[in-house]
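**Student:** Predicted structure and sequence below. I'll ask about it afterward.
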Amino acid sequence: MTVSDGEKRKAIRERLNVVFQEVFDDDAIEIFDEMTAEDIDEWDSLMHITLVVAVEKEFDVRLNAAEIGKLENVGAMISLLQNR
């Protein structure tokens with residue numbers, strides 16, 4: 001059985017949502033594709049680094065500076081992880 005792109009994206013979103021909840025210590029966070037740092041008060045530059053490290057650990061990937069720089073929102077992060 002193959003996993004569809006939609007199913008893979010949903011699975012990534014679910015795992016990523018847990019990462020966001022843990023990094024920002026807020027179980028009420030529900031991520032969405034258009035979400036940016038503007039949507040979470042605690043999401044500053046230091047928390048961005050913490051978030052990237054947590055994502056790398058959870059998904060066993062290493063993101064380079066160019067990839068990180070292109071992450072305009074959560075949807076872009078999901079797409080990047082989906083293509084890994």
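**Tutor:** All right, it came through fine.
**Student:** Using PDB, list the CA coordinates for the helix or strand encompassing Val55.
**Tutor:** Following DSSP states H and E, one finds Val55 within helix 45-59. The C-alpha coordinates for helix 45-59 follow below in PDB (Å, rounded to 0.1, in the frame of the first residue of the first chain):
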ATOM      1  CA  SER A  45      14.600  34.600  16.600                       C
ATOM      2  CA  LEU A  46      15.900  32.500  19.500                       C
ATOM      3  CA  MET A  47      12.700  30.400  19.500                       C
ATOM      4  CA  HIS A  48      13.000  30.000  15.700                       C
ATOM      5  CA  ILE A  49      16.400  28.400  16.200                       C
ATOM      6  CA  THR A  50      15.000  26.200  18.900                       C
ATOM      7  CA  LEU A  51      12.100  25.200  16.700                       C
ATOM      8  CA  VAL A  52      14.400  24.400  13.700                       C
ATOM      9  CA  VAL A  53      16.600  22.200  15.900                       C
ATOM     10  CA  ALA A  54      13.500  20.400  17.300                       C
ATOM     11  CA  VAL A  55      12.200  19.800  13.800                       C
ATOM     12  CA  GLU A  56      15.500  18.400  12.700                       C
ATOM     13  CA  LYS A  57      15.600  16.100  15.600                       C
ATOM     14  CA  GLU A  58      12.000  14.900  15.200                       C
ATOM     15  CA  PHE A  59      12.300  14.300  11.400                       C
END
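**Student:** C-terminal to the helix or strand of the chain with the lowest mean pLDDT, which secondary structure element comes first?
**Tutor:** Here the helix or strand of the chain ranked lowest by mean pLDDT, DSSP states H and E is helix 65-69, holding a mean of 95. The C-terminal neighbour of helix 65-69 among helices and strands, as given by DSSP H and E, is helix 74-82.
**Student:** This completes my enquiry, with thanks.
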